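Engineer: Provided below are the primary sequence and the corresponding predicted coordinates.
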Amino acid sequence: MVCGTGEGKVEEILTQAIRQGYEGFLTLEPHLVMFDSLKDHELEDAANVIKDNKGLDGKGAYQLQYEALLEILEKVEMKVEK
């Protein structure tokens, strides 16, 4: 899933962490492409895990996640500045 579109509450968690003074790092793990070992690590069929597989390669998947995270961080910044 693209960062912020699942049930992980990324925006809420980051907002709370920053309000509490977090100044550390963020990492991205863009699992948006099909790869052989994905099906070995997921409980569901890999095709169901990545529901909208548009043939992204690793670079494209990372770019998509990066841009989604930037959008979330902009929203968080607006909330924290209030």
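Structural biologist: Ah, there it is. Numbering: from 1, shown residues only.

Engineer: how much space separates Cys3 from Val80?
Structural biologist: Cys3 sits 18 Å away from Val80, going by C-beta to C-beta, to the nearest Å. Using the backbone N, CA and C atoms, a C-beta is placed for each residue, glycine as well.

Engineer: now do the helices in the chain.
Structural biologist: Under the criterion DSSP state H, the chain contains helices at 10-19, 38-41, 46-49, 58-81.

Engineer: dump those to JSON lines, plus mean neighbour count.
Structural biologist: Below are the helices of the chain laid out as JSON lines (neighbours: other C-beta atoms under 10 Å):
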{"stretch": "helix 10-19", "mean neighbour count": "15"}
{"stretch": "helix 38-41", "mean neighbour count": "11"}
{"stretch": "helix 46-49", "mean neighbour count": "14"}
{"stretch": "helix 58-81", "mean neighbour count": "14"}
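
Engineer: what's the closest of those to Leu28?
Structural biologist: Set against Leu28 and scored by C-beta to C-beta, the helices of the chain come closest in helix 58-81, at 4.8 Å.

Engineer: tell me what angle the closest one forms with helix 10-19.
Structural biologist: Between helix 58-81 and helix 10-19, the angle comes out at 50 degrees (axes from the mean of the first three to the mean of the last three C-alpha atoms, to 10 degrees).
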